[in-house]
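K.L.:
What shape does this take:
(chains A and B)
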Amino acid sequence: MSDQQGFVSIEDELPLSGNALAELMQDVLTKGKVFRFRANGFSMSPFIQDDDLISISPLLDAPPKMGEVVAFTNPERGKLIVHRIVSKDQNAYLLLGDNHPDKKYDSVLVGNILGRVSRVERDGKVLRLGLGPEKYLIALFSRARLLQPLIESLAPLIRPFWRVLL
Amino acid sequence: MDLIQLQGVYRPSEDIVAREIEGELIIVPLTSGFGDMEDELYTFNETGKAIWKLLDGQRDLAAVVVALTEDFNAPAEDLEQDVLGLVAELVNRGMLVAAAYV
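P.N.:
Down below sits the predicted model:
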């Protein structure tokens, strides 16, 4: 599109920092709309993988719950992070990546949760596993640092059915 | 589409998100309930950005031109054409809406 009109469409991928993406996300969610973008990284593998399309919905009047996958900004790292709630205390949620068994939790205040993951898409298909009722069990295993060992031990059994499960 | 005139007052539509990020003004259209980074996004050149910032739903386009002549070393007639042309395009794309005629 010509630049002569004063604006142009951005045709190539827009490289945005985590904070910039979080700011845009917050603006969209504040208007009650869903924010959709591509995942970057493997911290939530296998349920969310690099390049998956993630839709983040506003929390509205429903506070996040145990097992839900939510978006927040880590102020120290300046990164937008999408991780699972594995515990909650009075004032904060404890979040952990499904593929981060050795990392420490992020403790995030309730007010700093930007939104919840409402949909994950991979190769044009909407994925079901990881966001449904099973999310509570996933959170429990993750908190106990047993999720990845469990997935690895079950992998030979479930690999033929993985596409169906997803 | 109504003719864009200098007496018109315009403001950003509720169906977009506009934010200045790392020196660039990014417009994200909100279509079908989504702000989708996979959809077409928009950014402005320096003139477009200056015009956009003045479209606050309070001043008419004539006042926008006057404000621009203070910042840009260009004839008022040229700036008028830039403003009218950009506003027409943005209204056509649903990014701007008419606030009032004064």
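
K.L.:
what's next to the lengthiest helix in chain B, contact-wise?
P.N.:
Longest helix of chain B, by residue count under DSSP state H: helix B:76-92. The contact list for helix B:76-92 (CB atoms under 8 Å, 6 or more residues apart in numbering or on different chains) reads A:5-7, B:1, B:4, B:6, B:8, B:10, B:47-48, B:51, B:55, B:61, B:64-65, B:68-69, B:72, B:96-98. Heads up, the C-betas are built off the backbone N, CA and C, glycines and all.

K.L.:
hmm, try it at 6 Å
P.N.:
The contact list for helix B:76-92 (CB atoms under 6 Å, 6 or more residues apart in numbering or on different chains) reads A:5-6, B:4, B:10, B:47-48, B:51, B:61, B:64-65, B:68-69, B:96.

K.L.:
now stretch A:18-37
P.N.:
Under CB under 6 Å, 6+ apart, the answer for stretch A:18-37 is A:55-58, A:73, A:78-80, A:114-115, B:17, B:19, B:21, B:30, B:33-37.

K.L.:
how about a cut-off of 8 Å?
P.N.:
Stretch A:18-37 has contacts (CB under 8 Å, 6+ apart) with A:16, A:53-60, A:71, A:73-74, A:77-81, A:114-115, A:118, B:14, B:17, B:19, B:21-22, B:26, B:28, B:30, B:33-38.

K.L.:
Need the CA coordinates for the helix or strand hosting residue A:154. CSV is fine.
P.N.:
Per DSSP states H and E: residue A:154 is located in helix A:147-158. C-alpha atoms of helix A:147-158 as CSV (Å, rounded to 0.1, in the frame of the first residue of the first chain):
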residue,chain,number,x,y,z
LEU,A,147,3.9,-33.3,34.6
GLN,A,148,6.9,-33.6,32.3
PRO,A,149,8.0,-37.0,33.7
LEU,A,150,4.3,-38.2,33.3
ILE,A,151,4.1,-36.9,29.7
GLU,A,152,7.5,-38.5,28.8
SER,A,153,6.5,-41.9,30.3
LEU,A,154,3.1,-41.9,28.5
ALA,A,155,4.5,-40.6,25.2
PRO,A,156,5.0,-44.0,23.6
LEU,A,157,1.4,-45.0,24.4
ILE,A,158,-0.3,-41.8,23.4
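
K.L.:
Report the beta-bridge partners for the most centrally placed residue in chain A.
P.N.:
Among the residues of chain A, residue A:82 comes closest to the average C-alpha position under CA atoms, centre = their mean, at 3.2 Å. Judged by DSSP bridges, the bridge partners of residue A:82 are residue A:71.

K.L.:
Residue B:8 now?
P.N.:
Note on residue B:8: beta-bridge partners residue B:101, judged by DSSP bridges.

K.L.:
since we're on it, how many residues are nearby?
P.N.:
Applying other CB atoms under 10 Å in any protein chain shown, we find 21 residues neighbouring residue B:8.

K.L.:
Residue B:63 versus that one, what's the distance?
P.N.:
Distance, residue B:8 to residue B:63, using CB to CB, to the nearest Å: 11 Å.

K.L.:
residues near residue B:58, how many?
P.N.:
Neighbours around residue B:58, by other CB under 10 Å: 12.

K.L.:
just checking, it touches residue B:67?
P.N.:
No. Taking contacts as CB atoms under 8 Å, residue B:58 lies outside contact range of residue B:67: 11.6 Å.

K.L.:
shaky segments in the chain?
P.N.:
Let's take chain A. Of all residues in chain A, those with pLDDT under 70 make up the ranges A:1-5, A:11-14, A:162-166.

K.L.:
looking at chain B here, not the other one
P.N.:
In chain B (pLDDT under 70), the answer is B:1-2, B:100-102.

K.L.:
interface residues of it facing chain A?
P.N.:
B:14, B:17, B:19, B:21-22, B:26-28, B:30, B:33-38, B:40-45, B:47-48, B:51, B:82, B:85-86, B:89-90 (CB under 8 Å from any CB of the partner chain).

K.L.:
Against which helices or strands is the helix or strand hosting residue A:118 packed?
P.N.:
For residue A:118, the element it lies in under DSSP H and E is strand A:113-122. Other helices and strands packing on strand A:113-122, by 3 or more CB pairs under 8 Å, 6 or more residues apart in numbering or on different chains; DSSP states H and E, are helix A:18-30, strand A:53-57, strand A:69-74, strand A:125-127.
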